[in-house]
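1. My questions are about this predicted structure, shown below with the sequence.
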Amino acid sequence: MGFLTPLLLAGAAFVAVPIILHLIMRRQPQQLVFPALRFVLQRQEANRRRLQLRHWFLLALRCGLIAGLAMTLARPILKGSGLRGKEGAPLAVALVVDNSLRMQYVHQNHTRLDDALRMAKHLVKKLPENSEIAVLDRRRSGDGFTADLETARSRLEHLEYSSNPRPLDDTVIEAIKLVAQHPDHRQEVLLFSDLSLASFSEPALEGLQEALAESPDVRVYVVDVGVEQTTNASIGPLKIRRSMLRPGEPLHIEAPVKLSGTLEPPLVELHLIGDANQTVKRGQQVAPIDEAGLGQATFELANLPLGVHQGYVCLAANDPLEPDNTRYFTVEVRPPANVLLLGERSDDTLFLREALQPSLNTDQGAARFNCEVGRFSNAADIELSDFDAICLLDPPPLSDSLWQALVDYADQGAGVGIFLGNRAKPDAFNTQTAQNLLPGLLKWKSRDTTYFRPRLLAHPALAGLRDYAEEIPWSVFPVWQYWEFGELAGDAHVVARFANHQPALIERSSGMGRVLTFATALSDPLEPVGREPWNVLPTGHEPWPFVALANQLVGYLAQSEEERFDYRAGETVSIRLAPRQRVSNFVLYHPDGRSMRRTLPPGDEAILISTTDELGNYRVASGGHSRRLQRGFSVNASSEISELLRIDPKELADALSTDQVQIARTLGDVQRYVDIGRSGRELFPWAISLVALIWSAEHLLANRFYRGAP
């Protein structure tokens with residue numbers, strides 16, 4: 001036990017006062033004369049003993065009253081009831097505030113962040129002026145301790161939500177290590193959180209345990225500002241069938257909806273942002289919800305003009321958590337890519353042309369490619385720069401001038417596809433000029449029957465096949481002949497292999513362009529004249545895999561494959577420039593209307609943007625009124641903000657060190673824990689009650705003891 005004001009204990013010396021008064025004022029026995037002296041003597045002895053007992057009991061009460069009053073005024077405290085700390089030392093305090101978007105949840109007209117900041121500001125007001133204080137949040141790493149308490153209050157006043165929060169446990173561990181740098185201070189960390197289960201995963205708890213073990217003098221107070229029973233409606237990440245469209249191709253959007261709590265099926269709306277940032281509602285529907293609280297709204301828009309189109313899908317009604325009610329999207333409608341198909345005969349290009357631009361397609365406006373067929377014999381007369389990609393189908397030996405023209409064409413940022421077949425000759429294809437495009441020296445034609453079997457579909461040339469990779473029966477399309485290569489060039493790498501592990505599809509860069517070499521024919525006739533077919537990729541039963549593969553490969557060569565327009569907050573955005581597109585500077589338009597002019601270093605093939613903390617739609621423009629560059633992208637929050645499940649406070653306390661951690665629910669709990677942890681539990685209310693009880697007992701006994709004789 002200790003005392004806040006131990007000097008007042010000197011008042012216990014006044015115990016001598018009742019002793020002196022008692023000796024002076026003690027009652028003298030009365031002299032009584034009775035005939036029966038024996039009975040008088042017995043009565044006298046009984047009275048003497050009773051008086052003596054009352055005498056000592058009253059004396060003890062009076063002494064206890066004065067001593068108890070002195071101890072009470074000295075404000076006794078019970079040591080060891082709080083968390084560990086250094087008595088009388090200055091404070092080193094770190095306030096950790098969870099400012100993720102989930103803290104926007106509204107309960108009783110206050111967000112969770114509002115309640116957290118209110119408590120934090122109240123506690124800062126009670127800190128001594130010599131305290132070291134730091135304010136940390138999930139937006140970025142902290143800046144250490146503030147200069148004074150006023151600076152800390154200012155940081156709390158200007159604290160904003162973070163759309164890209166770092167892990168909460170990383171912030172708490174940083175706070176623990178920060179206050180532990182002051183071993184001569186009392187070290188305290190106050191965490192204000194909604195106790196979201198997503199923030200306290202097993203790895204996070206293990207990291208906190210380790211940090212506390214390394215800093216045994218640090219005390220952590222977890223302030224629970226969450227809501228026990230929550231209700232919420234949210235829209236998950238949008239599923240867009242194709243984000244890069246061709247004229248006439250419809251935009252198809254699926255918006256998953258999730259409900260928690262007792263809410264009615266929500267009304268979901270689709271909005272497009274037009275010129276001058278005018279928003280137009282283009283559709284709405286009530287999303288049907290199943291028993292698990294899951295549903296989906298589907299929208300389809302047709303006849304979008306060329307250019308970038310942006311918008312959002314949102315819930316029509318408000319709910320307690322607003323940030324997960326809206327999802328932004330960006331799509332782009334581009335003209336068909338111009339592709340040159342070179343073959344020795346018309347049969348060489350027939351199947352690939354039909355796969356890229358079907359002649360029976362009733363909706364010609366929706367074609368991804370505009371194909372032009374040419375022959376190797378007159379290739380020198382064709383202006384190659386008019387095309388986005390060139391495909392060489394079963395090429396024969398070519399002149400060095402044509403090989404060089406193809407190399408120059410690829411160096412400027414275009415794509416060249418070389419689909420080897422029966423006409424290739426090692427001597428003619430192993431020349432120095434040809435090897436500038438080919439991935440390696442041709443060895444021989446292999447007749448080892450196999451089939452095309454891409455295992456990894458992470459490469460952009462095959463990424464579009466991932467959604468139905470398990471459904472493609474590659475084994476029913478045998479490959480009877482293919483070319484084998486010698487040692488590959490240093491800058492060549494295998495994109496896909498045959499089932500016998502021989503290279504099938506090889507990529508090699510050429511300047512700013514890309515070159516794909518396929519080791520077997522891609523458009524081989526079923527019954528070629530004078531020779532055996534190489535494979536049945538385009539001619540087998542239901543050859544839809546060939547159509548998908550052809551569109552993927554040529555789209556990659558023309559750099560018109562599916563691009564990414566959707567990013568999470570904080571991610572770095574990469575906008576690839578088109579072949580031969582030169583951009584030296586551009587303007588970035590933020591969702592709030594702000595614009596920033598930036599410079600692109602010479603030779604860069606992509607625009608990189610890292611300032612993506614704000615949710616919404618962004619635009620990138622260059623070229624002034626000529627609009628040489630018009631692109632866009634969208635930034636959305638992580639779906640984690642909709643996870644409102646909470647960790648049980650008892651489970652959290654059990655997972656961490658109870659000697660160092662306390663969990664509080666109200667401001668009063670926080671104040672009590674902090675007071676106990678800093679100075680122990682004060683016993684003044686109990687002590688003053690005991691003094692009052694002793695005083696009452698002394699008063700009653702004294703009235704009976706000194707009552708006069710009748």
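-> On my side now, so go ahead.
2. For Gln662, list each beta-bridge partner.
-> Tyr221 (DSSP bridges).
3. quick one: it from Leu191, how far?
-> To Leu191, Gln662 is 11 Å away according to C-beta to C-beta, to the nearest Å. Quick note: C-beta positions are derived from backbone N, CA and C, even for glycine.
4. who has more neighbours, these two?
-> Leu191 (24 against 21; other C-beta atoms under 10 Å).
5. which element is that one on?
-> strand 186-193 (DSSP states H and E).
6. I'd like the average pLDDT over that strand.
-> The average pLDDT for strand 186-193 rounds to 92.
7. How about residues contacting that strand?
-> Strand 186-193 has contacts (C-beta atoms under 8 Å, 6 or more residues apart in numbering) with 85-86, 89-98, 116-117, 119-120, 123, 168, 172, 175-176, 179-180, 199, 215, 217-226, 670, 674, 677-678.
8. Spell out which residues make up each domain of the chain.
-> 2-80+684-705, 91-229+644-679, 232-333, 337-557, 566-636 (automatic domain parsing).
9. From the contact counts, what lies against the helix or strand harbouring Ala233?
-> Secondary structure from DSSP H and E places Ala233 in strand 232-235. With contacts taken as 3 or more C-beta pairs under 8 Å, 6 or more residues apart in numbering; DSSP states H and E, strand 232-235 sits against strand 251-260, strand 307-315.
10. Take the ones you listed and lay them out in JSON lines including mean pLDDT and mean neighbour count.
-> JSON lines is the format used below for those (pLDDT from 0 to 100; neighbours: other C-beta atoms under 10 Å):
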{"stretch": "strand 251-260", "mean pLDDT": "93", "mean neighbour count": "20"}
{"stretch": "strand 307-315", "mean pLDDT": "94", "mean neighbour count": "21"}
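11. and those as JSON lines, adding distance to Ser523?
-> JSON lines is the format used below for those (distance: least, C-beta to C-beta, whole Å):
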{"stretch": "strand 251-260", "distance to Ser523": "30"}
{"stretch": "strand 307-315", "distance to Ser523": "33"}
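12. Trp695 is nearest to which of these?
-> Proximity to Trp695 (C-beta to C-beta) singles out strand 251-260 among those, at 59.4 Å.
13. contacting residues around the helix or strand following the strand holding Ala233?
-> Note on strand 232-235: by DSSP H and E, the next helix or strand toward the C-terminus is strand 239-240. Strand 239-240 is contacted from outside by Leu251, His252, Ile253, Glu254, Ala255, Pro256, Phe329, Val331, Asp566, using C-beta under 8 Å, 6+ apart.
14. Distance from the chain centre to strand 239-240, please.
-> 20 Å (C-alpha atoms, centre = their mean, to the nearest Å).
15. what residues does stretch 526-536 touch?
-> Contacts for stretch 526-536 (C-beta under 8 Å, 6+ apart): 347, 421-422, 452, 477-482, 520-521, 524-525, 539, 543.
16. Output it as PDB, restricted to C-alpha atoms.
-> Output of stretch 526-536 as PDB, limited to C-alpha atoms (Å, rounded to 0.1, in the frame of the first residue of the first chain):
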ATOM      1  CA  LEU A 526      -7.400 -30.300 -93.100                       C
ATOM      2  CA  GLU A 527      -6.300 -32.000 -96.400                       C
ATOM      3  CA  PRO A 528      -3.400 -30.000 -97.800                       C
ATOM      4  CA  VAL A 529      -2.200 -30.800-101.400                       C
ATOM      5  CA  GLY A 530       0.800 -33.000-101.600                       C
ATOM      6  CA  ARG A 531       1.600 -33.300 -97.900                       C
ATOM      7  CA  GLU A 532       0.200 -34.400 -94.500                       C
ATOM      8  CA  PRO A 533      -1.500 -31.900 -92.200                       C
ATOM      9  CA  TRP A 534       0.500 -30.600 -89.200                       C
ATOM     10  CA  ASN A 535      -2.400 -30.500 -86.800                       C
ATOM     11  CA  VAL A 536      -6.200 -30.200 -86.500                       C
END
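17. Buried ones in that stretch, by neighbour count?
-> Buried residues in stretch 526-536, defined by neighbour count with 16 or more other C-beta atoms under 10 Å: Pro528, Pro533, Trp534, Asn535, Val536.
18. Return the closest of these with respect to Phe299.
-> Nearest to Phe299 among the buried residues of stretch 526-536, with distances taken as C-beta to C-beta, is Val536, at 40.1 Å.
19. separation between the closest one and Glu129?
-> Remark: distance between Val536 and Glu129 (C-beta to C-beta) = 85 Å.
20. go on, Ala70?
-> Ala70 is 32 Å from Glu129, by C-beta to C-beta.
21. More neighbours: those two, which one.
-> With neighbours defined as other C-beta under 10 Å, Ala70 and Glu129 compare such that Ala70 has more, 18 against 6.
22. didn't that one look like it was pressed against Phe14?
-> Yes - look at Ala70 against Phe14 with C-beta atoms under 8 Å: they come within range, at 7.3 Å.
23. what mean pLDDT does stretch 119-136 have?
-> What stretch 119-136 shows for mean pLDDT is 89.
24. Distance across it, terminal residue to terminal residue?
-> End-to-end distance for stretch 119-136: 15 Å, by C-alpha to C-alpha, to the nearest Å.
25. what does stretch 521-532 give?
-> Criterion C-alpha to C-alpha; first-to-last residue distance in stretch 521-532 is 12 Å.
26. Can you get me the centre-to-centre distance for stretch 287-299 and its chain?
-> Computed by C-alpha atoms, centre = their mean, the chain-centroid distance of stretch 287-299 equals 25 Å.
27. mind listing what's buried in it?
-> Neighbour-count burial for stretch 287-299 flags Ala287, Ile289, Gly295, Gln296, Ala297, Phe299 (criterion: 16+ other C-beta under 10 Å).
28. can you list contacts of that stretch?
-> The contact list for stretch 287-299 (C-beta under 8 Å, 6+ apart) reads 251-260, 265-268, 270, 282-283, 285, 313.
29. what mean pLDDT would you report for it?
-> Here stretch 287-299 scores 91 as its mean pLDDT.
30. low-scoring pLDDT stretches of the stretch 601-710 of the chain, where are they?
-> 624-627, 658, 671-684, 686, 704-710 (pLDDT under 70).
31. All the strands of it, residue numbers only.
-> Per DSSP state E, counting those that start in this stretch, the stretch 601-710 of the chain carries strands over the ranges 606-609, 616-622, 629-636, 661-664, 681-682.
32. Export these as TSV, with columns for distance to Pro305.
-> Converted to TSV, the strands of the stretch 601-710 of the chain look like this (distance: least, C-beta to C-beta, whole Å):
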stretch	distance to Pro305
strand 606-609	24
strand 616-622	16
strand 629-636	12
strand 661-664	58
strand 681-682	74
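33. out of these, which comes closest to Trp444?
-> Proximity to Trp444 (C-beta to C-beta) singles out strand 606-609 among the strands of the stretch 601-710 of the chain, at 39.7 Å.
34. From the contact counts, what lies against the closest one?
-> Strand 606-609 is packed against strand 573-576, strand 616-622, with contacts defined by 3+ C-beta pairs under 8 Å, 6+ apart.
35. how about a cut-off of 10 Å?
-> strand 573-576, strand 585-589, strand 595-599, strand 616-622, strand 629-636 (3 or more C-beta pairs under 10 Å, 6 or more residues apart in numbering; DSSP states H and E).
36. The residue nearest to Thr326 when sequence neighbours are not counted pairs with what?
-> Nearest in space to Thr326, with sequence neighbours left out and distances taken as C-beta to C-beta, 6 or more residues apart in numbering, is Cys314 at 4.3 Å. Cys314 forms beta bridges with Glu269, Thr326, as assigned by DSSP bridges.
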